[in-house]
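Asks: Quick one, fold the following:
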Amino acid sequence: MMIAALAAASLGLAIVTQDQTPLRAAPAGVTTTQAMLWPGDLLEVRGERLDHLQVYDHQRERAGYVRATQVRPLALQEADAPALLAVLRFLREQPGAEPLGIAYAAAYLKAAPAAAITAEPFDALGVMSERLARRASARAGKPGDAVAAHLEVAGRYGVKFTSYEREGAVQLCYEGDAFRRVLAMPAEPEALARAALALTRHDCVEPDLPPNRRQALDQWRAEVLDRIDAAAFARLSEPSRNRLRLRRAGVWAALAHARSRDGGDAAAAAQRAIDELAAVNKSELGDEDQAAYAAAAIRTGASHFATLAASPGKPALKVLLQPGEPGQTCLLLTDASHGPQAPLLRRCTFATVWPGSVRVAPDGRSVALAVQPLPAWTELWLLRASAEGWQVQVLPPAASEPELGYVEFAGWVPGAQKLLVAREVRSEGRIRRSFEVLALDTLAIEKQATSPQWLSLFNKWQDPVWKSHTVSLR
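Replies: Numbering: from 1, shown residues only. Predicted structure coming up:
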């Protein structure tokens, strides 16, 4: 690291503490500025003149002068380690001071004897690095901010970030090395929880991962979250327990979708997601956690169909599933006169078709089922008889580009050519949950409300299986 290299060759070090600190050609305020320095920049001290220090910036290969009040001397002897750790503890909780805190973390790790180093400095380093990444994501594309310079300083100390494009915006994520070290060392339960949550963020999963790599990553995320054993979990604060449950629910819901595609136990994964969501103490959810709770519910709702067994009844219409081309599932609609060789309808898809979601209308002319093309996006397919034969209508959770969402069958309205659905979606950063009465022929919304009790048709015709399994009524 940069500190180790300079400490071996220098008689004195100083660390910059203020944004936009000028490195001047002479110890006066009217001289040429050689470079602009930022908190966390490390300088070799070579002398002192007036109220300035004569320094050399090895990173920029520039010599010059800085005001003594804009830097702090840095000592790296073993005796200095407790003081460095005290400063680190202070800076860890200061938003905007992340590059300076990262520099002090590196200084402490250099000064402290190996036997004395605990998980604490790595926890602090991870917390500050992740906060810097979040601040950079929030400020992406906005001029006049020092965050780009702060990221550059952090990079000099070995802190790595990855970036992804999501919906036209840049998402910056901390690579997580410090948090991995926390999980590998004896640590307080709260530190373990912070590390597990930071390493398993949904928004830091590469969007374009192929399905096999995505499943392997989700399995690793589930294992990381389960490293916190029951004893440590019991010692956590209630907000931390809630956050772990919400993250587990989202990860296991994604695994349910993945396992449906490779023959794994999707039902067990989906049930784990439902159980984790149900265990959340909603009275202890803060404002930020409320949004996380809604998002976890949507992820769980998108895959909960895996827990539904196929209907034991014997309707005239049946939906059979057969493999198609590699990766495809083919849906075959049959009746007493039309078997699998000559079905009423054949439709193939690369999405997951949930057989337990199939619901046949009382008149035998409509069939509803859930189809999940993405880990957190489930559509409602409606198969309908018409003069031209059976056709498929697809009702997505929203008309926007897929983010998080599901729409599910909630009941038939006999004789009225109406369909009841529940829908929950996050689009453009906003979460919306609604219960709707749709016209069967056009799927146009005739009535909708944020609670089913405000719709008389829901009170009378909601499907009992839907009511007992949906997460929309949480």
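Asks: can you map out the helices along the stretch 201-350 of the chain?
Replies: Residue ranges of the helices in the stretch 201-350 of the chain, as given by DSSP state H, counting those that start in this stretch, are 211-225, 230-234, 238-262, 266-278, 287-303.
Asks: Could you single out the most deeply buried of those helices?
Replies: Neighbour counts (mean count of other C-beta atoms under 10 Å) averaged over each of the helices of the stretch 201-350 of the chain peak at helix 238-262, with a mean of 23. Using the backbone N, CA and C atoms, a C-beta is placed for each residue, glycine as well.
Asks: ok, back up a step: what would the helices of the stretch 201-350 of the chain look like in JSON lines with mean pLDDT and distance to residue 49?
Replies: As requested, the helices of the stretch 201-350 of the chain are exported to JSON lines (pLDDT from 0 to 100; distance: least, C-beta to C-beta, whole Å):
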{"stretch": "helix 211-225", "mean pLDDT": "95", "distance to residue 49": "53"}
{"stretch": "helix 230-234", "mean pLDDT": "94", "distance to residue 49": "55"}
{"stretch": "helix 238-262", "mean pLDDT": "96", "distance to residue 49": "52"}
{"stretch": "helix 266-278", "mean pLDDT": "97", "distance to residue 49": "63"}
{"stretch": "helix 287-303", "mean pLDDT": "95", "distance to residue 49": "50"}
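Asks: Same list (the ones you listed) but as CSV, adding distance to residue 163.
Replies: Listed next are the helices of the stretch 201-350 of the chain as CSV, based on distance: least, C-beta to C-beta, whole Å:
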stretch, distance to residue 163
helix 211-225, 17
helix 230-234, 33
helix 238-262, 22
helix 266-278, 29
helix 287-303, 21
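Asks: Residue 90: which of those is closest?
Replies: Residue 90 lies closest, by C-beta to C-beta, to one member of the helices of the stretch 201-350 of the chain: helix 238-262, at 22.5 Å.
Asks: Quick one: list the elements packing against the closest one.
Replies: If contacts are counted by 3 or more C-beta pairs under 8 Å, 6 or more residues apart in numbering; DSSP states H and E, helix 238-262 sits against helix 189-199, helix 211-225, helix 266-278, helix 287-303, strand 352-360, strand 366-374.
Asks: still on that earlier bit, nearest to residue 33, out of the helices of the stretch 201-350 of the chain?
Replies: Proximity to residue 33 (C-beta to C-beta) singles out helix 287-303 among the helices of the stretch 201-350 of the chain, at 40.9 Å.
Asks: what angle separates that closest one from helix 238-262?
Replies: On the basis of axes from the mean of the first three to the mean of the last three C-alpha atoms, to 10 degrees, helix 287-303 is oriented at 20 degrees to helix 238-262.
Asks: Just the CA trace of helix 287-303, in PDB.
Replies: Taking Å, rounded to 0.1, in the frame of the first residue of the first chain, the C-alpha atoms of helix 287-303 are listed here in PDB:
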ATOM      1  CA  ASP A 287     -38.300   4.600   6.800                       C
ATOM      2  CA  GLU A 288     -35.500   3.100   4.800                       C
ATOM      3  CA  ASP A 289     -36.400  -0.400   5.900                       C
ATOM      4  CA  GLN A 290     -40.000   0.100   4.800                       C
ATOM      5  CA  ALA A 291     -38.800   0.300   1.200                       C
ATOM      6  CA  ALA A 292     -36.600  -2.700   1.600                       C
ATOM      7  CA  TYR A 293     -39.600  -4.600   3.100                       C
ATOM      8  CA  ALA A 294     -41.800  -3.800   0.100                       C
ATOM      9  CA  ALA A 295     -39.100  -4.800  -2.300                       C
ATOM     10  CA  ALA A 296     -38.500  -8.100  -0.500                       C
ATOM     11  CA  ALA A 297     -42.200  -8.800  -0.600                       C
ATOM     12  CA  ILE A 298     -42.300  -8.200  -4.300                       C
ATOM     13  CA  ARG A 299     -39.300 -10.600  -4.800                       C
ATOM     14  CA  THR A 300     -41.000 -13.200  -2.600                       C
ATOM     15  CA  GLY A 301     -44.400 -12.700  -4.400                       C
ATOM     16  CA  ALA A 302     -42.800 -13.300  -7.800                       C
ATOM     17  CA  SER A 303     -41.600 -16.800  -6.800                       C
END
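Asks: circling back to that earlier point, looking at the helices of the stretch 201-350 of the chain, which is nearest to residue 132?
Replies: Between residue 132 and those, the shortest gap by C-beta to C-beta is with helix 287-303, which sits at 18.1 Å.
Asks: now for that closest one, which elements pack on it?
Replies: helix 238-262, helix 266-278, strand 377-386, strand 404-413, strand 418-427, strand 430-439.
Asks: Now do the helices in the stretch 1-150 of the chain.
Replies: Under DSSP H, counting those that start in this stretch, the stretch 1-150 of the chain gives helices at 2-9, 81-92, 98-111, 120-139, 147-156.
Asks: which of those has the lowest average pLDDT?
Replies: Among the helices of the stretch 1-150 of the chain, helix 2-9 carries the lowest mean pLDDT, at a mean of 54.
Asks: quick revisit: tell me which of the helices and strands packed on helix 287-303 lies nearest to residue 149.
Replies: Nearest of the helices and strands packed on helix 287-303 to residue 149, taken as C-beta to C-beta: helix 238-262 at 31.3 Å.
Asks: quick one, that closest one and helix 189-199 angle?
Replies: 40 degrees.
Asks: How about the residue nearest the centre of the chain: what's its closest non-neighbour residue?
Replies: Residue closest to the mean C-alpha point of the chain, counted by C-alpha atoms, centre = their mean, is residue 202 at 1.9 Å. Nearest non-adjacent residue to residue 202, counting by C-beta to C-beta, 6 or more residues apart in numbering: residue 250, 5.8 Å away.
Asks: tally of neighbours for residue 120?
Replies: 19 (other C-beta atoms under 10 Å).
Asks: Could you list the low-confidence segments of the protein?
Replies: 1-11, 140-144, 167-168, 312-314 (pLDDT under 70).
Asks: Pull the contacting residues for the spatially most distant residue from the centre of it.
Replies: What lies farthest from the middle of the chain is residue 50; by C-alpha atoms, centre = their mean that is 52.1 Å. With contact taken as C-beta atoms under 8 Å, 6 or more residues apart in numbering, residue 50 is in contact with residue 27.
Asks: Make 99 the starting number, not 1.
Replies: Shifting the count to begin at 99 puts that one at residue 148.
Asks: picking up where we left off before, between the helices of the stretch 99-248 of the chain, which one is nearest to residue 286?
Replies: It's helix 218-237; of the helices of the stretch 99-248 of the chain, that one is closest to residue 286 (C-beta to C-beta) at 8.3 Å.
Asks: Compute the inter-axis angle for that closest one and helix 287-297.
Replies: Using the same axes, to 10 degrees: helix 218-237 against helix 287-297 is 40 degrees.
Asks: May I see the buried residues of helix 218-237?
Replies: Under the neighbour-count criterion of 16 or more other C-beta atoms under 10 Å, helix 218-237 has 218-235, 237 buried.
Asks: again with stretch 490-501
Replies: Within stretch 490-501, the residues that count as buried by 16+ other C-beta under 10 Å are 493-496, 501.
Asks: Same question for stretch 505-519.
Replies: Those would be 505-511, 516-519, for stretch 505-519 by 16+ other C-beta under 10 Å.
Asks: of those residues, closest to residue 325?
Replies: Of the buried residues of stretch 505-519, the one sitting nearest to residue 325 (C-beta to C-beta) turns out to be residue 506, at 33.5 Å.
Asks: which ones are touching the residue lying closest to residue 466 once chain neighbours are set aside?
Replies: Residue nearest to residue 466 in three dimensions, not counting chain neighbours: residue 507, with 4.1 Å by C-beta to C-beta, 6+ apart. Taking C-beta under 8 Å, 6+ apart as the contact definition, residue 507 lies against 455, 457, 466-468, 478, 517-519, 561, 564.
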